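Trainee: after the sequence you'll find the predicted model.
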Amino acid sequence: MSMSVVNSMLSALKACQNDIGTGMDIVTEVALDLVETEGNEEDIKELEEMMLDSAKLDREINCFVEAVEQMTAQARQQPPEAMFTLKNQVKEHFARLQERFSDSDLHRHSKVVSFNESVRNSRTQANPSATENREEDLDEDIQVTQSQVNFTCPLTQVEMVNPVKNKKCNHYYDYEAVLGMIRSKVIQKKNLRCPVVGCGNTNVKESDLVKDAAMKRMIQNKSGMKK
């Protein structure tokens, strides 16, 4: 197995992951459409299963890419003939990495979490009276979304278009604005502090940002009512 083949394979897998992420976002949008139109609960459950299947595939790709990268790094330090055993080494290491996870971990995948939160938020918006009976353990970010406190991006000071939630501090920003700031700080070799006044998060990272389909839909609905 040549290194060019390995690199080509990794590039293809990473592109596949992007497609999986896009597909999961589409599934979330479909679920929100069903909630708004009071669709069948079984259909929403099936969509949740699709999210879990996609999360499992995403995790498997992550493990495989990690196995390939680690084993090829080791192979580069060994005699050329080590490449002949690379395939088996990757296979064995991949199996070891997979053993670290269980199916219950899939529910903690960022897009699965976002899916469930978005569906719950949308249900609350569709049926405000249900908030009287909501459970006390709803996390803070869901409560903030339900109350529609602020649709303004703390960076741009204008209404968000593509809202993302920081999963560390639960604050919202417009995606393009915060991504631009993060990349600017990277060039400066500095960290981006959360721009929300009083927030103690001193290092906003791209990996901490999660798209919130329910928040985006609320903003769109609000804008539509203005028109």
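Mentor: That came through fine.

Trainee: select the longest helix from the protein.
Mentor: When the chain is parsed with DSSP state H, its longest helix is helix 41-76.

Trainee: by contact count, what packs against that one?
Mentor: Judged by 3 or more CB pairs under 8 Å, 6 or more residues apart in numbering; DSSP states H and E, helix 41-76 is in contact with helix 3-36, helix 86-98, helix 110-126. (Each C-beta comes from the backbone N, C-alpha and C, glycine too.)

Trainee: under the pLDDT cut-off, which ranges of the protein? List them.
Mentor: 1-3, 82, 126-149, 223-227 (pLDDT under 70).

Trainee: show me the protein divided up by domain.
Mentor: The chain breaks down by automatic domain parsing into domains covering 1-134, 149-227.

Trainee: what about Met218, neighbour count?
Mentor: 19 (other CB atoms under 10 Å).

Trainee: next, the buried residues of stretch 33-43.
Mentor: Neighbour-count burial for stretch 33-43 flags 34-35 (criterion: 16 or more other CB atoms under 10 Å).

Trainee: ok, and what's touching that stretch?
Mentor: The contact list for stretch 33-43, computed with CB atoms under 8 Å, 6 or more residues apart in numbering, reads 44, 47, 119, 122-123, 126.

Trainee: which of those has the most neighbours?
Mentor: Most surrounded of these: other CB under 10 Å gives Ser122, at 22 neighbours.

Trainee: not counting its neighbours along the chain, what's nearest it?
Mentor: Val35 (4.4 Å; CB to CB, 6 or more residues apart in numbering).

Trainee: that neighbour and Glu46: what is the separation?
Mentor: According to CB to CB, to the nearest Å, Val35 and Glu46 sit 14 Å apart.

Trainee: assign the spatially closest residue to Val204 that is not a sequence neighbour to helix, strand or coil.
Mentor: Sequence neighbours aside, Leu192 is the residue nearest to Val204 in space, at 4.4 Å (criterion: CB to CB, 6+ apart). Using DSSP: H, G, I helix; E, B strand; the rest coil, the structure places Leu192 in coil.

Trainee: so what's Leu192 up against?
Mentor: Contacts of Leu192 by CB under 8 Å, 6+ apart are 178, 181-182, 185, 203-204.

Trainee: do that again at 7 Å, thanks
Mentor: Leu192 makes contact with 181-182, 185, 204, according to CB atoms under 7 Å, 6 or more residues apart in numbering.

Trainee: and for Val196?
Mentor: Contacts of Val196 (CB under 7 Å, 6+ apart): 154, 171.

Trainee: try the one 3 residues further on
Mentor: Under the criterion of CB under 7 Å, 6+ apart, the contact list for Cys199 reads 169, 171.

Trainee: in three-state terms, label it for me.
Mentor: Taking three-state DSSP, the label given to Cys199 is coil.

Trainee: any idea how far it lies from Lys168?
Mentor: From Cys199 to Lys168 the distance is 10 Å (CB to CB).

Trainee: what of Met51?
Mentor: Met51 is 22 Å from Lys168, by CB to CB.
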